[in-house]
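Visitor: Starting from these lines, generate the structure:
(chains A and B)
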There are 2 protein chains.
Amino acid sequence: MKIDIIGRGNVGTHLARAFKEATEVNIVNPRTLEGLRRDADVYLLCVSDSAIQEVAEKLKKHIGRNTILVHSSGSTPLSVLRGLTRNTGVLYPLQTFSKDVKLEYSEIPFFIEGSDVKTENILKGMAGLVSAKVYTANSEQRRNLHIASVLSCNFVNHLWNLADGYLTERGLNFEMLIPLIRETARKIERVSPHEAQTGPAVREDGKTLESHCTVLESEPELQDLYSLLSMSIISHKHKN
Amino acid sequence: MKIDIIGRGNVGTHLARAFKEATEVNIVNPRTLEGLRRDADVYLLCVSDSAIQEVAEKLKKHIGRNTILVHSSGSTPLSVLRGLTRNTGVLYPLQTFSKDVKLEYSEIPFFIEGSDVKTENILKGMAGLVSAKVYTANSEQRRNLHIASVLSCNFVNHLWNLADGYLTERGLNFEMLIPLIRETARKIERVSPHEAQTGPAVREDGKTLESHCTVLESEPELQDLYSLLSMSIISHKHKN
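Guide: Residues are numbered from 1 along each chain as shown, chains lettered A, B, ... in the order given. From the prediction side, this is the model:
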């Protein structure tokens, strides 16, 4: 299978590494399109969401009759590729990619959408070269998965960034939280997040909540987040 | 070392298990105080923050001259035990405890405070029976560690709970996020959370942020959190 990956950011770099282990991959600069192969089986766009349409338009005059034009974005519908070529699709890897952090590619869930069943099956086969976790998902499902991944990964990492800053400013060390963070993540592989919830908010421990909010007077951004998330925990306590 | 653990909640249950592997532990019901030993080396209070003072007062007439009266709360100052007996202290385990989830106790960081150096050293020795990660921290440092742990564990777990609810209501499965969550936690053991940040907010990808906020119109609580956390990510992008 010949794959041209267009884009050299975090996602492009990692997908190129992942597919190189199994098949023939070519990385293409989206500005120059140098080295693009007319006979590639797949053009896989790994550019920012806002650039997908523009780069896809540029590809239109190069693309072979049987090449599938594919993007890898969670929140961009397949329809943005409509009319550019016959076979289009999406291959969305649900993972956090940083260039310098190695990944176990076989664990990444891939969500596939194709303009028709045949295309979808080719893309599922392609994802299967890397991972055993290959699913189909339409554009709406994919956007919902993307929203859930923003909550579960990007926002979570930001809370760790805030905790890091908070401790560092007070002469304490983020390293001390690592065993807690490791256990927090490990726990939800065994019990649901609803069952795993601990802390002052779920205990409705008003004394501690108040004491924390008072300490955070000097950090209005943290105080807002603290209140909003604590109230949300309390309101979800009796759900599920 | 004779330890009487007063309290049978999540923390008491786990600390009893942890110390039982190394020394002589007795679990005491905080209501009846049945089985309390006058010659114990340590009374370790593992009750809710709001009950510490009341239970400690009840212990006053039972406590031996050399017994150290200790609580295990992050946000309660040592001073609440002042005047009840000669030797007082705090032993704060920085971990998330759920009764039914097993833990590797040797990885738990313990933060110790004592009414005097000798007491502090005894408590450090006691924590050392379980863990190699034993630190001293005064009441202010401990409260700051507790606030950081609420951000890093309780709020993080709640975001996973929200993602679980969001996906389940849409016929999707939280299980699909597990590899992402695993990697999100793994990553910050290698790079700082500031470097690890990914997602639409840090890319300032307005199109995706707007699309997600529109989808979340029907979920006002999630929409508020989404906006607040995304703005916070953008405002922290150029810090550190």
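Visitor: So in chain A, which helix runs the longest?
Guide: helix A:220-236 (DSSP state H).
Visitor: can you state the direction angle for that helix and helix B:220-236?
Guide: If you take axes from the mean of the first three to the mean of the last three CA atoms, to 10 degrees, helix A:220-236 sits at 160 degrees to helix B:220-236.
Visitor: Quick check: buried residues in helix A:220-236?
Guide: Neighbour counts over helix A:220-236 (16 or more other CB atoms under 10 Å in any protein chain shown) mark A:Leu222, A:Gln223, A:Leu225, A:Tyr226, A:Leu228, A:Leu229, A:Ser230, A:Ser232, A:Ile233, A:His236 as buried. For the C-beta atoms, the positions are set from N, CA and C on the backbone; glycine is no exception.
Visitor: And the residue sitting furthest away from the middle of chain A, its phi and psi?
Guide: For chain A, the residue at maximal distance from the C-alpha centroid (CA atoms, centre = their mean) is A:Lys207, at 37.8 Å. Taking degrees, to the nearest 10, you get phi -60, psi -50 for the backbone angles of A:Lys207.
Visitor: Could you check the pLDDT of it?
Guide: For A:Lys207, the model assigns a pLDDT of 90.
Visitor: distance of it from B:Ala51?
Guide: 10 Å (CB to CB, to the nearest Å).
Visitor: hang on, isn't the residue farthest from the centre of chain A packed against B:Ser48?
Guide: No. Contact criterion CB atoms under 8 Å: A:Lys207 and B:Ser48 do not qualify, at 9.1 Å.
Visitor: ok, residues contacting stretch A:46-54?
Guide: A:5-9, A:11-12, A:15, A:30, A:45, A:55, A:71-73, A:75-76, A:80-81, B:200, B:203, B:205-208 (CB atoms under 8 Å, 6 or more residues apart in numbering or on different chains).
Visitor: filter the residues you listed to the buried ones?
Guide: Buried members of those, scored by 16+ other CB under 10 Å, are A:5-8, A:11-12, A:15, A:30, A:45, A:55, A:71-73, A:75-76, A:80-81, B:200, B:203, B:205, B:208.
Visitor: Just the ones in strands from those, please.
Guide: A:Ile5, A:Ile6, A:Leu45, A:His71 (DSSP state E).
Visitor: So the third one versus A:Leu216, what's the distance?
Guide: Yep, that's A:Leu45 we're talking about. 43 Å.
Visitor: these two touch, right, A:Ile3 and A:Ala40?
Guide: Yes. Using CB under 8 Å, A:Ile3 is in contact with A:Ala40, at 6.6 Å.
Visitor: shared neighbours of the two, which are they?
Guide: Joint contacts of A:Ile3 and A:Ala40 (CB under 8 Å, 6+ apart) are A:Asn26.
Visitor: check contacts around A:Gln223.
Guide: Contacts of A:Gln223 by CB under 8 Å, 6+ apart are A:Cys213, A:Leu216, A:Glu217.
Visitor: Turn those residues into a markdown table, including neighbour count and distance to A:Ala22.
Guide: What follows is the contacts of A:Gln223, written out as a markdown table (neighbours: other CB atoms under 10 Å in any protein chain shown; distance: CB to CB, whole Å):
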| residue | neighbour count | distance to A:Ala22 |
| --- | --- | --- |
| A:Cys213 | 15 | 53 |
| A:Leu216 | 18 | 50 |
| A:Glu217 | 9 | 55 |
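Visitor: chain center to the helix or strand harbouring A:Ile52, what's the gap?
Guide: Under the criterion of DSSP states H and E, A:Ile52 resides in helix A:52-59. Chain-centre distance of helix A:52-59: 22 Å, with CA atoms, centre = their mean, to the nearest Å.
Visitor: low-confidence ranges in chain A?
Guide: By pLDDT under 70, the low-scoring segments of chain A are A:240.
Visitor: Tell me where it has strands.
Guide: Going by DSSP E, chain A shows strands at A:2-6, A:24-28, A:42-45, A:68-71, A:88-93, A:110-114, A:134-136.
Visitor: Contacts for stretch A:195-211 next, please.
Guide: With CB under 8 Å, 6+ apart, stretch A:195-211 has contacts from A:184, A:187-188, A:212, A:229-231, A:233-234, A:237, B:10, B:48-50, B:75, B:96-98, B:101, B:143, B:146, B:150, B:153-154, B:157-158, B:160-161.
Visitor: for A:Val235, what are its contacts?
Guide: Actually, residue A:235 is Ser rather than Val. Applying CB under 8 Å, 6+ apart, one finds that A:Ser235 lies in contact with B:Glu221.
Visitor: mind checking how far the closest residue in space to A:Val101 that isn't next to it in sequence is from A:Trp160?
Guide: Closest residue to A:Val101 in three dimensions, ignoring its sequence neighbours and counting by CB to CB, 6 or more residues apart in numbering or on different chains: B:Lys187, at 5.5 Å. B:Lys187 sits 10 Å away from A:Trp160, taking CB to CB as the criterion.
Visitor: More neighbours: the two, which one.
Guide: The neighbour comparison of B:Lys187 against A:Trp160 (other CB atoms under 10 Å in any protein chain shown) goes to A:Trp160, with 27 against 24.
Visitor: so who does the closest residue in space to that one that isn't next to it in sequence touch?
Guide: Leaving aside its chain neighbours, A:Trp160 sits nearest to B:Pro193 (4.0 Å; criterion: CB to CB, 6+ apart). Shown in contact with B:Pro193 (CB under 8 Å, 6+ apart): A:Asn157, A:His158, A:Trp160, A:Asn161, A:Ala163, A:Asp164, A:Phe174.
Visitor: pretty sure A:Leu45 contacts A:Val70?
Guide: Yes. At 6.6 Å, A:Leu45 counts as touching A:Val70 under the criterion of CB under 8 Å.
Visitor: pretty sure A:Leu225 contacts B:Ser232?
Guide: Yes. Between A:Leu225 and B:Ser232 there is a contact under CB under 8 Å: 6.9 Å.
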